[in-house]
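Engineer: need a structure here:
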Amino acid sequence: MAIDIISRIQNRRGLYADLPPALAEGEIGFCLDTREMFIGNSPGYGNNTQVLTQFSQNDQLITTRYQNTNTPVQGSTLRTLQSKLNDFASIKDFGAVGDGITDDAPAINAAITNLLQGNPQSGNLSATLYFPPGTYIINSSINLYPYLTIQGAGINCTRILAAPNTSINYMFQTADSLGQTGANIGLNNTTLPKFINISDLMISTNDQLISAFNCVRYLNICIKDCYMIGGWNSTLTPGTDSALSLLTIGNTINSSDFRVFNTTINNFSNAILAPDPVSNTFISFSNFTNLWRGINLANPNFGGPHNMCITNSALSSIADYAIYNGSQHATVSTNNFYSATGGIYWASTSSKNVSMGEVFDVLIGVTDAGSSNSVILNPGQSNLP
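Structural biologist: Residues are numbered from 1 along each chain as shown. The predicted structure is shown next:
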């Protein structure tokens, strides 16, 4: 590189407001109040070039554009760093630590509240809250607001654990747009808990007999690619602890559309406990094991749940019944494998239940004390009394 001009580099320091709009070429300006540094450009480039430091406004200075093989893709646009980072929110942006020691529940609830409280009337957008790899201890219940998506980094990477000796009854609970929970959900003309998605997490009660989820007055919840483990084992008396408790608390406000996909549930008294008239529950490609009951629809309130379907799943090592239907309404079980369980029980009050294409390794596979129920067997299968 040829040398055209030899000059002494000038240094300036002072307040940002006093920074010349165009320093001399190669001149350095340092702002004492903002701790920012600038270098003057040649007249052809004009203005000043800012040197990036920890005090720079990087969200505006750094820009990015989507590329493929180091070439910007046609139609892609230039974006600031801040707009790129705003594509999702990390729970660590709100102070959660994930070190397996710190109680992260206050930070998690603060993040969810600030992102979603009052939605949609507040104008807040639906949010994906990302949990990076780590172990997040909680000593209070996490509120699931409407339109919330919680995404982990995978069941082997992101773990949410109940704190030892905690007093909470459940780790997660649905909340309406004002943060009201339980029987208060829906009061004051609020938005019900709806369009909630949870994926790629391991959720543990830390060997305690508490529930993982208490879902009340919901609409459209999806849990997928999760692993839930409780504190029940076959030496203990079964209780009301459950991985998923599905409720309406009365019959004035419905609960509808709950989906479980590719999820494993272990060591609870009940994988799913649903005594209330919840509707449209779908479980597929999941594993339930080491439970007292798998799907427990006993002691129905207001007629109990209806329109429940479990398919292409495995239910094993269940002390009582894999499916116990004391409800008046139908459950459908298709293409499932039942191993070392009491199989399926349809109570005398139940009707219009269906078992089709099932495999049972212990007889009796289906105990039918009800009416208008159907069992459709695979060829060569013999599992009825």
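Engineer: report the central residue of this protein.
Structural biologist: The centroid of the chain falls nearest to I198 when counting by CA atoms, centre = their mean (2.2 Å).
Engineer: name all residues that make contact with that one.
Structural biologist: Listed by CB atoms under 8 Å, 6 or more residues apart in numbering, the contact partners of I198 are 144, 149-151, 172, 221-224, 226. All C-beta spots, glycine's among them, are computed from the backbone N, C-alpha and C.
Engineer: now swap in D104 and tell me
Structural biologist: Contacts for D104 (CB under 8 Å, 6+ apart) come out as 91, 96-98, 136-138.
Engineer: among those residues, who's most crowded?
Structural biologist: Tallying neighbours with other CB atoms under 10 Å puts Y136 at the head of the contacts of D104, with 27 neighbours.
Engineer: residues contacting that one?
Structural biologist: Here Y136 is in contact with 91, 96-98, 104, 108, 158-161 (CB under 8 Å, 6+ apart).
Engineer: okay, helices next: where are they in the stretch 1-150 of the chain?
Structural biologist: 58-61, 81-85, 105-116 (DSSP state H, counting those that start in this stretch).
Engineer: can you redo these as CSV with distance to T264?
Structural biologist: Shown next, in CSV, are these (distance: least, CB to CB, whole Å):
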stretch, distance to T264
helix 58-61, 41
helix 81-85, 33
helix 105-116, 23
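Engineer: most tightly packed of these?
Structural biologist: Of the helices of the stretch 1-150 of the chain, the one with the most neighbours on average (mean count of other CB atoms under 10 Å) is helix 105-116, at a mean of 19.
Engineer: other SSEs contacting that helix?
Structural biologist: strand 127-130, strand 134-138, strand 142-144, strand 148-151 (3 or more CB pairs under 8 Å, 6 or more residues apart in numbering; DSSP states H and E).
Engineer: lowest average pLDDT across those?
Structural biologist: When these are compared by mean pLDDT, strand 127-130 comes last with a mean of 86.
Engineer: list of residues touching that strand?
Structural biologist: 88-91, 111-112, 115-116, 147-153.
Engineer: partner strands of that strand, parallel or antiparallel?
Structural biologist: Sheet pairing for strand 127-130, assigned by DSSP bridges, gives strand 89-90 (parallel), strand 148-151 (parallel).
Engineer: quick one: that strand to chain centroid distance?
Structural biologist: Its chain's average C-alpha position is 9 Å from that of strand 127-130, according to CA atoms, centre = their mean, to the nearest Å.
Engineer: equivalent analysis for stretch 256-271, please.
Structural biologist: For stretch 256-271, the separation from the chain centroid amounts to 13 Å (computed by CA atoms, centre = their mean).
Engineer: ends of that stretch, how far apart?
Structural biologist: Stretch 256-271 has an end-to-end distance of 18 Å (CA to CA, to the nearest Å).
Engineer: what does stretch 345-360 contact?
Structural biologist: Here stretch 345-360 has contacts from 298, 300, 321, 323-338, 343-344, 365-378, 381, 383, using CB under 8 Å, 6+ apart.
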